[in-house]
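J.: structural data only, the sequence is not supplied:
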C-alpha cells in the first residue's frame, strides 16, 4: 500500500485510465451539446493577474484564490472560474467580434476551500457564455444548453430541476427591507438558505429587524404568480417582467425560486441553478446574466449571460442512476511475437494495422500462455501469433479471442 505522502494534494485527484474514460464521456457530451448550439471552443491561461481576478470578485472569493509566489512586480493567481478570463478575452476584441459571441470551454479551475463530496479544490467545469444580446431568449438558451447537456448524458427531466430567479427582483425587494449597504450581504445569506438551518439563516441576517426578516420569509415562500400582486418597486417589477419572459421559453422543469441569488456580486439579471430532484448534491450547474461586468473591466457597455456545469456533481448523479457503466474497449489486435526474430515483423504489421484500428504489441517477452492471459485481461478482440512456423511460411495465425477460432493469413494480405 502506498504511503500517505504518495497521495495527491488535499482537494485534488488523480485520473487513472478508468477515471479518465468517465471524465471524457462527460466532457464529450458537454462538447457535443455546445457545438450543437453553435458555441465555439476557447481556452484561457490557468493563471491571471491578481488585479484582474480580484477586481470584482467579492471578499469570499478573494480568500479562495490560489496565489502564486510573487516574481518581481507580478502578482498572479490561479483562475477560480472562466467568467473573468472570458471577459478579459472578449474586451480585447470587443469591437471586431460579430455579435452575438458564443464561447465555451471544458477546463480546470482552483479554489482554496474545504473539500467535500462533489467539491474539490482543483475541479473541472464546462463553462459557456453569450456576449452581445440583451434579449430574454439569450438567457433561455443558456438554461436550455445546460438542460440539454445533462439530458445528453442519459438523465431525464424527472431526475433534476432548474431553480431560477432574477437579481433585480430580489434586490428590489430587499431595498425596502435592509439598508442599501447591506443588500449584498443579504443576497449572500439568502443564497445559502437551502444549505443551512432556519436558526443559522436568522444569524446570517441579524442586521435585519424581526419584522423585516418575517416579511422576507413570507415573500420567499410566495409562488411566482402571487408575487406579481405584491407592491413591488420599479427595480423589482423590472426583474419580475424579465424573468416572466424567460420562464415562458423554458420547459416545466424550470421553477421560480426567489432564494436563488448566486453569491457573486457581478450578477445583474436572470440567475439559475440546476439540482438533482432529491437535492442530494450541490448544484449541478449555475449561471445567469452579468451585463455590468464588461464595462466594469474597462470595456464598452455590453451584455453577457452564461453558466457553468460541474463535472463532479454530474458524475455523482450519473452513478446514482447507473449511467456510468462505461466499458473499456480493448485493442482490435494483440500481436504476440513468440521468438526474438518475430519482433521486426510484429512492428511492421502493427504499423499497417494502426492506420485503421487499435493494436498492442507484447512488450514483455512472455510465454504464450501469459500473453493470452494478458490479451484477455486487456479485452483484445483478436491475437496475432508470430512464431518460427509463421516466419518460415510467411504467414501469421489470427485467433478470435471470443470464439477461439483461428486461421492462417498470408503476411502480404494481413491488412
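T.: Sure thing, it's come through. Please read all numbers here as calculations on a predicted model, not as lab measurements.

J.: so residue 18 is in contact with residue 328, correct?
T.: Yes. Between residue 18 and residue 328 there is a contact under CB atoms under 8 Å: 7.0 Å. Where C-beta positions appear, they are placed from N, C-alpha and C, glycine not excepted.

J.: between these two, which contacts overlap?
T.: With CB atoms under 8 Å, 6 or more residues apart in numbering applied, the contact sets of residue 18 and residue 328 do not overlap.

J.: quick one: pLDDT of residue 327?
T.: If you check residue 327, the pLDDT there is 77.

J.: now do the contacts for residue 338.
T.: Under the criterion of CB under 8 Å, 6+ apart, the neighbours of residue 338 are 368, 385-388.

J.: again, 10 Å this time
T.: Residue 338 makes contacts with 346, 362, 365-368, 371, 385-391, 397, as judged by CB atoms under 10 Å, 6 or more residues apart in numbering.

J.: now the lowest-mean-pLDDT helix or strand in the chain: buried residues?
T.: Least confident helix or strand, the chain: helix 59-64 with a mean of 78, by mean pLDDT, DSSP states H and E. For helix 59-64, the neighbour count (16 or more other CB atoms under 10 Å) marks residue 61 as buried.

J.: from the contact counts, what lies against that helix?
T.: Judged by 3 or more CB pairs under 10 Å, 6 or more residues apart in numbering; DSSP states H and E, helix 59-64 is in contact with helix 50-54, helix 183-191.

J.: immediately after the longest one, which helix or strand?
T.: Okay, so that is helix 183-191. Once the chain leaves helix 183-191, the next helix or strand it forms, by DSSP states H and E, is helix 198-204.

J.: could you list every helix and strand in contact with the next helix or strand after that following helix?
T.: Later in the chain than helix 198-204, the nearest helix or strand by DSSP H and E is helix 210-220. Here helix 210-220 touches helix 167-174, helix 183-191, helix 198-204, helix 224-227, going by 3+ CB pairs under 10 Å, 6+ apart.

J.: out of the contacts of residue 338, who has the most neighbours?
T.: Most neighbours among those, by other CB atoms under 10 Å: residue 386, with 24 neighbours.

J.: now it: how far from residue 352?
T.: Note on residue 386: its distance to residue 352, by CB to CB, to the nearest Å, is 14 Å.

J.: overlap in contacts, the two.
T.: Joint contacts of residue 386 and residue 352 (CB under 10 Å, 6+ apart) are residue 411.

J.: re the thing from before, contacts for the least confident helix or strand of the chain next, please.
T.: The contact list for helix 59-64, computed with CB under 10 Å, 6+ apart, reads 50, 53-54, 57, 77, 80-81, 84, 110-113, 121, 184, 188, 263-265.

J.: quick one: which of those sit in helices?
T.: Secondary structure from DSSP state H places 50, 53-54, 84, 184, 188 of the contacts of helix 59-64 in helices.

J.: re earlier: point out the most buried one among the helices and strands packed on helix 59-64.
T.: Most buried of these by mean neighbour count (mean count of other CB atoms under 10 Å) is helix 183-191; its value is a mean of 20.

J.: tell me which strands and helices that one is in contact with?
T.: Taking 3+ CB pairs under 10 Å, 6+ apart as contact, the helices and strands that helix 183-191 lies on are helix 59-64, helix 167-174, helix 198-204, helix 210-220, strand 270-276.

J.: which parts of the chain belong to which domain?
T.: Following automatic domain parsing, the chain resolves into domains at 10-320, 333-413.

J.: I'd say residue 193 and residue 165 touch.
T.: No. Residue 193 is beyond contact range of residue 165, at 11.8 Å (criterion: CB atoms under 10 Å).

J.: higher neighbour count, those two?
T.: residue 165 (27 against 21).

J.: please name the nearest non-neighbouring residue to the residue nearest to the spatial centre of the chain.
T.: Nearest to the geometric centre of the chain sits residue 125, at 2.8 Å (CA atoms, centre = their mean). Leaving aside its sequence neighbours, residue 125 sits nearest to residue 308 (CB to CB, 6 or more residues apart in numbering; 4.4 Å).

J.: three-state assignment of that neighbour?
T.: Three-state call for residue 308 (DSSP: H, G, I helix; E, B strand; the rest coil): strand.

J.: one more: residue 398?
T.: In three-state terms, and counting by three-state DSSP, residue 398 is strand.

J.: partners of it in the sheet?
T.: Here residue 398 sits in beta bridges with residue 384, residue 407, as judged by DSSP bridges.

J.: neighbours around residue 252, how many?
T.: Per other CB under 10 Å, the neighbour tally for residue 252 reads 8.

J.: thinking again about what came up before, wait, what's in contact with the residue nearest to residue 125?
T.: Residue 308 neighbours (CB under 10 Å, 6+ apart): 81-83, 104-105, 109, 124-129, 146, 283, 285-287.

J.: the residues you listed in helices, which ones?
T.: If you go by DSSP H, these have 83, 146 in helices.

J.: filter the contacts of residue 308 down to the ones in strands?
T.: Judged by DSSP state E, the contacts of residue 308 include 104-105, 109, 124-129, 285-287 as members of strands.

J.: in JSON lines, list the residues you listed along with distance to residue 34 and pLDDT.
T.: Shown next, in JSON lines, are those (distance: CB to CB, whole Å; pLDDT from 0 to 100):
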{"residue": "104", "distance to residue 34": "4", "pLDDT": "98"}
{"residue": "105", "distance to residue 34": "9", "pLDDT": "98"}
{"residue": "109", "distance to residue 34": "17", "pLDDT": "94"}
{"residue": "124", "distance to residue 34": "15", "pLDDT": "95"}
{"residue": "125", "distance to residue 34": "13", "pLDDT": "95"}
{"residue": "126", "distance to residue 34": "7", "pLDDT": "97"}
{"residue": "127", "distance to residue 34": "10", "pLDDT": "97"}
{"residue": "128", "distance to residue 34": "6", "pLDDT": "98"}
{"residue": "129", "distance to residue 34": "11", "pLDDT": "98"}
{"residue": "285", "distance to residue 34": "13", "pLDDT": "97"}
{"residue": "286", "distance to residue 34": "17", "pLDDT": "96"}
{"residue": "287", "distance to residue 34": "14", "pLDDT": "96"}
